[in-house]
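*Asks:* one predicted model, sequence on top.
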Amino acid sequence: MTVDEWSCRWKRNEDFPDCLACGSLNTKEHHFIQTWCRGQRKWESETLCLDCHNFSWRSYCDPEFTTPSEFEKQRWNKMLEGKNALGVEN
């Protein structure tokens, strides 16, 4: 199986079409995940260059982005800190 056959159903990433290794625009997106949580976003993208056969990885995360479990943990820790400041036992 050739690389072209293997990647024939993959789409191009129009936002980041260039290869980070050789600069070619002949790329296809192999992997993309985007997560939105409380108005903050996080995404990652991996593209394959069909000319040099290298993968290009790009990712971004808003500074205030947290997953729901991280958000809940921070919320509970702040609540416990508030109780400890008031002298209330757990």
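*Replies:* That came through, no problem.
*Asks:* and residue 22, how far from residue 49?
*Replies:* To residue 49, residue 22 is 6 Å away according to C-beta to C-beta, to the nearest Å. C-beta: built from backbone N, CA, C; applies to glycine.
*Asks:* who's more crowded, these two?
*Replies:* residue 49 (21 against 14; other C-beta atoms under 10 Å).
*Asks:* which pLDDT does the model give the nearest residue to the more buried one once chain neighbours are set aside?
*Replies:* Leaving aside its chain neighbours, residue 49 sits nearest to residue 19 (3.7 Å; criterion: C-beta to C-beta, 6 or more residues apart in numbering). The model reports residue 19 with a pLDDT of 96.
*Asks:* which stretches of this structure form strands?
*Replies:* With DSSP state E as the criterion, the chain has strands at 27-37, 40-49, 55-61.
*Asks:* and these, which is most packed in?
*Replies:* strand 40-49 (a mean of 17; mean count of other C-beta atoms under 10 Å).
*Asks:* report the angle between that one and strand 55-61.
*Replies:* Put simply, strand 40-49 runs at 170 degrees to strand 55-61, going by axes from the mean of the first three to the mean of the last three C-alpha atoms, to 10 degrees.
*Asks:* what's strand 40-49 in contact with?
*Replies:* 3, 7, 10, 13, 16, 19, 21-22, 24, 26-35, 54-62, 64-66 (C-beta atoms under 8 Å, 6 or more residues apart in numbering).
*Asks:* same question for it, mean pLDDT?
*Replies:* On average, the pLDDT along strand 40-49 is 95.
*Asks:* just checking: what are the partner strands of it?
*Replies:* Strand pairing for strand 40-49, determined by DSSP bridges: strand 27-37 (antiparallel), strand 55-61 (antiparallel).
*Asks:* list the contacts of the first one.
*Replies:* So the one you mean is strand 27-37. For strand 27-37, the surrounding residues in contact (C-beta under 8 Å, 6+ apart) are 7, 10-13, 17-19, 41-50, 55-56, 65-68, 71.
*Asks:* can we see that at 7 Å?
*Replies:* Applying C-beta atoms under 7 Å, 6 or more residues apart in numbering, the contact partners of strand 27-37 are 7, 10-13, 17, 19, 41-50, 55, 65-68.
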